[in-house]
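A.B. asks: The amino acid sequence is not available; the structure is as follows:
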């Protein structure tokens, strides 16, 4: 037997990966992943890139793209010089880099639970000791034993879809300042806003603490480009860049160029508005179909942004039991327990509304509704 | 102060990264990096990719590309099914994944010294305890205390340019079999062969041990695409794929498509032959210029393949002292000590011959020769 590292003992099968695979089967109606609507990039301009970009490039990313991103960040209230912008091979990489930078076995990592499952997976892999955090009192317990880092997705949280208030963001930033906790803010959904809400980055309110802010071009440009970026406080930027270099030297230069063309395109605001309007329409149709087919069987809030409904099943129905019945009928979703930082069960499921077309989505929800009705009236089975 | 992981204490500045940066200054003649010649991809076809590749894709990579790579591996004597091919965001990522899979603090990692510096850096970061390995007796000491993994670049080793004999490859494979050591073979330069030599992968001769074989599309296609691949024994493939998913979900799909077009192109053998002939010509011109300007001042072998000369300075000249004089005159190279797995000094320097054009290369070598002549005759300075 090969001798593997201790950390591989925690290497669970990734639910995200299994979902990406199953969701590629054309007959499946998948509410499981977070796939953007194909229509959102069907018209993306893909002009041929300059050939000099075929050579190796700088680890941090292309200078002109870093400048454009710095301009974007200033516009959302997080001024940061281009010198502290690092391009990423997708924002998943930013989580890997942050975990490498901070997390040893036993390092305290503050998270909400539920949280983004692939972030939990990476932190767990590096040995994180998760500290569950509540928005109304984020620093609870930090005086005695502060975590090293707090990982949050305040804008359209994955999986719940919730958007933190300005007061909640300020409270977390103050808590990080007071207890010297690194604030790591993951913000991939911020452009996908269907209702007015506070979206200023929590990192913008940090005064003393170290911070990492990251976002993605997967949602409003295209995920296949595998491009995201991070901005960081000065003390963390150089080690993060070195970790990036050791991970993959630098990000794809052709993708960087494609994204730069997108950022410079004067038609971009109209393009984003069109994408957001398309998603809002899908969300509203999905909410209506949910009400029609799952009304009385589950509870949910209509999310103000992002790509997911977080739906709590009534009547003690177990999400995995529902999935076991739904998958043979060609419907896929993610059971809530995968988003938990602690061991335990969740009565919730996460439903993505962006990938399926509205008619398929309604058909899939009708199947789930029928199954739930049957499960609610069937006598509970106990024992083996 | 933020609380960072123990492993960041080992986070040295990356010489590769610093070199990539300095080598972008147009006035510098850089022998330091491993940049392919721009001419080698100046005519690469870059047709617009199909739009469906803008969506998320599978972690392992595109099915048709994995099949094409499996065909390539069979042709070089390493049969491996497509199901055990994993696309990488450049082969640097394969080193990161292998280290994550195997290396805890204190894990034994067998390497030649000198070895590829960015591999040493990653293994060191995860806590490797390096065991220096000699080709004529690779298993020395393994009976008492075997390493978990042996990392080698048998074909045109970086930095020395040497090519292992078939017997040396067989000996290492047998040693790994006998002592249950994972064989990790890094093979980015195999196509750049200027003399006949044994190039069958050492992994092809493994009978029992676990193994990882990786290569890159950076040298014969283009580095800016950031694409490589690995093949692995069955027991390691699934955990490596999970680690890849946690690192960046999947590799750039547009690059995968571009590389597939290249692999399917009937003009490819002629294209590779032309690239190799171009590099051979550069190598020969470089060897002649070395003889002219550094003859009597240093020793080297003309490499049978790859992109580097490994040049040992005579007269006790320190590579760093030479670099301190050369850089203000616009000449950059890599001191040999960066390639050492152990602490210590090296009298050698690594000179890349592929990036600079022949006239610049000759000018740069003339500068180095002049400096070396001055240093050889100057009285040695001791003390502060």
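C.D. replies: Thanks, I have it. A quick note: this is a predicted structure, and the numbers were derived from the prediction, not measured.
A.B. asks: pLDDT weak spots in chain A?
C.D. replies: For chain A, the stretches flagged by pLDDT under 70 are A:10-24, A:378-384.
A.B. asks: And for residue A:357, the neighbour number?
C.D. replies: 14 (other C-beta atoms under 10 Å in any protein chain shown). Backbone N, C-alpha and C define where each C-beta goes, glycine included.
A.B. asks: Show me which residues of the stretch 251-384 of chain A sit near chain B.
C.D. replies: When proximity is defined by C-beta under 8 Å from any C-beta of the partner chain, the stretch 251-384 of chain A lies next to chain B at A:251, A:252, A:253, A:254, A:255.
A.B. asks: helix or strand for the fourth one, which one?
C.D. replies: Using DSSP states H and E, the element containing residue A:254 is helix A:253-264.
A.B. asks: Top of the residues of the stretch 251-384 of chain A next to chain B by number of neighbours, please.
C.D. replies: That'd be residue A:251 among those, by other C-beta under 10 Å, with 33 neighbours.
A.B. asks: That one contacts residue B:248, correct?
C.D. replies: No. Counting by C-beta atoms under 8 Å, residue A:251 stays clear of residue B:248, with 9.4 Å between them.
A.B. asks: who touches both of those two?
C.D. replies: Both residue A:251 and residue B:248 are in contact with A:89, A:226, where contact means C-beta atoms under 8 Å, 6 or more residues apart in numbering or on different chains.
A.B. asks: How about the residues of the stretch 101-250 of chain A by chain B?
C.D. replies: A:101-104, A:107, A:118, A:121-122, A:125-126, A:148, A:180, A:182, A:209-210, A:218, A:222-226, A:235-236, A:239, A:241-243, A:245-250.
A.B. asks: Would you list the buried entries among those residues?
C.D. replies: Buried members of those, counted by 16 or more other C-beta atoms under 10 Å in any protein chain shown: A:101-104, A:107, A:118, A:121-122, A:125-126, A:148, A:182, A:209-210, A:218, A:222-226, A:236, A:239, A:241-243, A:245-250.
A.B. asks: So which of those residues sit within strands?
C.D. replies: Applying DSSP state E to these, the entries found in strands are residue A:182.
A.B. asks: in chain A, which spans are helices?
C.D. replies: Under the criterion DSSP state H, helices of chain A are mapped to A:15-22, A:63-75, A:91-102, A:117-125, A:166-179, A:234-248, A:253-264, A:268-294, A:319-326, A:358-377.
A.B. asks: Show residues contacting the second one.
C.D. replies: For helix A:63-75, contacts defined as C-beta under 8 Å, 6+ apart pick out A:60, A:79-83, A:85, A:87, A:213, A:229, A:231, A:256-257, A:259-260, A:263-264.
A.B. asks: Quickly note the distance from the closest residue in space to residue A:260 that isn't next to it in sequence to residue A:240.
C.D. replies: Excluding the flanking residues, the one nearest residue A:260 by C-beta to C-beta, 6 or more residues apart in numbering or on different chains is residue A:65, at 4.6 Å. In this view, residue A:65 and residue A:240 are 17 Å apart by C-beta to C-beta, to the nearest Å.
A.B. asks: Repeat that for residue A:174.
C.D. replies: As defined by C-beta to C-beta, residue A:174 lies at a distance of 24 Å from residue A:240.
A.B. asks: Which one's more surrounded, those two?
C.D. replies: Set residue A:174 next to residue A:240 and count neighbours by other C-beta under 10 Å: residue A:240 wins out with 21 against 17.
A.B. asks: I figured that one hits residue A:102, correct?
C.D. replies: No. Using C-beta under 8 Å, residue A:240 is not in contact with residue A:102, being 10.3 Å away.
A.B. asks: Work out the gap between stretch A:311-323 and the centre of the chain.
C.D. replies: Centroid displacement of stretch A:311-323 relative to its chain, using C-alpha atoms, centre = their mean, to the nearest Å, is 23 Å.
A.B. asks: State the distance from residue A:336 to residue B:53.
C.D. replies: Separation of residue A:336 from residue B:53 (C-beta to C-beta): 32 Å.
A.B. asks: Among the two, which residue is more densely surrounded?
C.D. replies: Set side by side, residue A:336 and residue B:53 show more neighbours around residue A:336, with 23 against 17, by other C-beta under 10 Å.
A.B. asks: burial count for the nearest residue to residue A:187 once chain neighbours are set aside?
C.D. replies: Leaving aside its chain neighbours, residue A:187 sits nearest to residue A:215 (4.6 Å; criterion: C-beta to C-beta, 6+ apart). Neighbour count for residue A:215, taken as other C-beta under 10 Å: 27.
A.B. asks: That's all I had, so thanks and see you.
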